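S.K.: here's a sequence, model it:
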Amino acid sequence: MRFLLTSCILFVALAGQVSAQTSKIVSGSTKFSVKFILGTCNGTFDAPRGEAVFNEKNPENASFDVKIAASTFKTNNNSRDKDLKSDKYFWVEKYPDIHFKSSKVEKKGDKYQATGTLTMRDVSKTVTLPFDAKKNADGTYSLTSTFDVNRLDYKIGEKDWKLKDVVTVNLQATIK
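M.R.: Now for the predicted structure:
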């Protein structure tokens, strides 16, 4: 009887580990937009990279450790891109990554939210990022998040009447 009980406990523990295994980000995109005096500047970064633990049945056990290479953005204007890579904005030589590491994930209605630390340049702040999760037929998950960031909170540029402070970010990732 004791053997059977021990075996059941072991099986449940192993099943829990399998359903919450660590996944890699295998594809994705990062887009942003910010309004300025002449309209809206749209741009992209390379896909996010990192690890995720996610299962929609146990979102409280989820975690994310995601990085985006700060030097990979493109706005279709070489002069502007060069300026944004400088120490006035992203300072990519000194701070090569934008990093988000979650500390809590929870379900809110039919969506999720991840609370954690967002670091850009040398500034780290606690943020809550909303996201949608969809399980694909092949077992991967598609995660999408749209959120606003005040660039001045992270020392990305200075106050400027020609450029708005709030940047909208759209992050998409497929984890496997």
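
S.K.: which element follows the host helix or strand of residue 129 toward the C-terminus?
M.R.: In the assignment (DSSP states H and E), residue 129 maps to strand 123-135. Proceeding N to C from strand 123-135, the next assigned helix or strand is strand 141-150, under DSSP H and E.

S.K.: for that following strand, name the packing helices and strands.
M.R.: Applying 3 or more C-beta pairs under 8 Å, 6 or more residues apart in numbering; DSSP states H and E, we find strand 141-150 packed against strand 123-135, strand 166-175. C-beta here means a position set from N, CA and C on the backbone, and glycine is covered the same way.

S.K.: isn't residue 30 right next to residue 48, touching?
M.R.: Yes: the pair residue 30 and residue 48 passes the contact test of C-beta atoms under 8 Å, sitting 5.9 Å apart.

S.K.: tally of neighbours for residue 117?
M.R.: Burial of residue 117 is recorded as 13 neighbouring residues (other C-beta atoms under 10 Å).

S.K.: scratch that, residue 168
M.R.: 16.

S.K.: just to revisit the earlier point, mutual contacts of residue 30 and residue 48, please.
M.R.: Residues touching both residue 30 and residue 48 by C-beta atoms under 8 Å, 6 or more residues apart in numbering: 68, 171.

S.K.: quick one, strands of the chain?
M.R.: 22-36, 39-45, 49-53, 63-69, 97-108, 111-120, 123-135, 141-150, 166-175 (DSSP state E).

S.K.: contact partners of the first one?
M.R.: Spelled out, that is strand 22-36. 40-54, 66, 68, 73, 140-141, 151, 162-164, 166-176.
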